[in-house]
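Student: how would this look folded up:
(4 chains)
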Number of protein chains: 2
Amino acid sequence: MSSLTIGQVAKLAEIGTETIRFYERENLIPAPPRRPSGYRSYEPEVVDRIQFIRRAKDLGFSLREIAELLSLRVDSEAACGEVMERATSKIEDIQGKIKTLSRMKRVLTKLVASCGANEVTDCCPILDSLEGR
Amino acid sequence: MSSLTIGQVAKLAEIGTETIRFYERENLIPAPPRRPSGYRSYEPEVVDRIQFIRRAKDLGFSLREIAELLSLRVDSEAACGEVMERATSKIEDIQGKIKTLSRMKRVLTKLVASCGANEVTDCCPILDSLEGR
DNA sequence: TTAAACCCCGTAGTTTACTACAAGGTCAAG
DNA sequence: CTTGACCTTGTAGTAAACTACGGGGTTTAA
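Tutor: Have a look, this model is predicted:
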């Protein structure tokens, strides 16, 4: 038996069962088939999908944006162009985030370095001056 | 006169005046001096700070975490060690985000590439399979 | 000197993303 | 064959981060 109950999925994905149902209502995960009793019956892959949602959320994507990311696929030739367009814009978005994070990291690294260098009074660059663009 | 009213700051930072007051209440920006009338009088640097907050928020940091980031500085020798510790943990956090974003970008790039390659039926890798750890 | 545009404070409402019941049905171990 | 852990739906409550009033005082440009 490769199918899981909602509770088993919740445990594997380290998330509450109500959050899974909430994601189902919000169309972030597909409604699974049901057992005769009405219990949801999940394939193990749903765990990956939930973990993807969690990671994306942690990166500042809203659930709406995550739904868009998850819908980026092509079934028919016709949709290809539109998907490419959306994917390309997401890539730019992501590239921007990476750039900002890299700058933040560089400033923090400098902060740590100057702290270590034992510059006694007022020894660290202030983070305030980080992002004046 | 280099000082700004809240409305001028709001316009420059592309944000509402109520949000600025909200950030003040939440200690994300310092309470500015007042004019005799009670009007807030800002130095232009506050605009940078607000933009930093906006960027950090977009990267998935909560306002609490942003407040922490903004407080990373050292005035006395004593605080140095603790600041270094906090900064180091933030660097790791940021590094993790960069890594996940890079993976997302790689998968999306592959998606776009395979779309362009004109693989007609079911031509794109599904994003579902993105983050199985 | 007055009217539009701005500021003050306080409180209340909204959106997003959960999180917690309540009332009841199901399953599996002893 | 029952009991405790688990599932169902639906509704309501919460936390974070704004956002929008209302009732008033201030500035500034005509």
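
Student: need the residues of chain A near DNA strand D, please.
Tutor: A:5-8, A:10, A:17-18, A:21, A:34, A:38-40 (C-beta under 7 Å from any atom of the strand). (C-beta placed from N, C-alpha, C; glycine too.)

Student: Could you turn the buried ones of these into a ChimeraX selection?
Tutor: Applying 16 or more other C-beta atoms under 10 Å in any protein chain shown to those, the buried members can be selected in ChimeraX as follows:
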select /A:6,10,40
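
Student: Which elements pack onto the helix or strand that residue A:93 is a member of?
Tutor: Using DSSP states H and E, residue A:93 sits within helix A:80-116. Taking 3 or more C-beta pairs under 8 Å, 6 or more residues apart in numbering or on different chains; DSSP states H and E as contact, the helices and strands that helix A:80-116 lies on are helix A:63-70, helix B:45-58, helix B:80-116.

Student: Next, the buried residues of that helix.
Tutor: Residues of helix A:80-116 classed as buried under the neighbour-count rule (16+ other C-beta under 10 Å) are A:80, A:83-84, A:86-87, A:90-91, A:93-94, A:97-98, A:100-101, A:104-105, A:107-108, A:111-112, A:114-115.

Student: Reformat the residues of chain A next to DNA strand D as JSON lines; add secondary structure.
Tutor: Formatted as JSON lines, the residues of chain A next to DNA strand D follow (DSSP: H, G, I helix; E, B strand; the rest coil):
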{"residue": "A:5", "secondary structure": "coil"}
{"residue": "A:6", "secondary structure": "helix"}
{"residue": "A:7", "secondary structure": "helix"}
{"residue": "A:8", "secondary structure": "helix"}
{"residue": "A:10", "secondary structure": "helix"}
{"residue": "A:17", "secondary structure": "helix"}
{"residue": "A:18", "secondary structure": "helix"}
{"residue": "A:21", "secondary structure": "helix"}
{"residue": "A:34", "secondary structure": "strand"}
{"residue": "A:38", "secondary structure": "coil"}
{"residue": "A:39", "secondary structure": "coil"}
{"residue": "A:40", "secondary structure": "strand"}
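
Student: Pipe the residues of chain A next to DNA strand D into TSV and attach pLDDT per row.
Tutor: Output for the residues of chain A next to DNA strand D, formatted as TSV (pLDDT from 0 to 100):
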residue	pLDDT
A:5	98
A:6	98
A:7	98
A:8	98
A:10	98
A:17	98
A:18	98
A:21	98
A:34	97
A:38	97
A:39	98
A:40	98
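
Student: Most proximal residue of chain A with respect to chain B?
Tutor: The minimum distance from chain A to chain B, using C-beta to the nearest C-beta, falls at residue A:60 (3.7 Å).

Student: And what about the nearest residue to that residue once chain neighbours are set aside, helix, strand or coil?
Tutor: Of all residues beyond its chain neighbours, the one nearest residue A:60 is residue B:60 (3.7 Å), with distances taken as C-beta to C-beta, 6 or more residues apart in numbering or on different chains. Residue B:60 falls in the coil class when you classify it by three-state DSSP.
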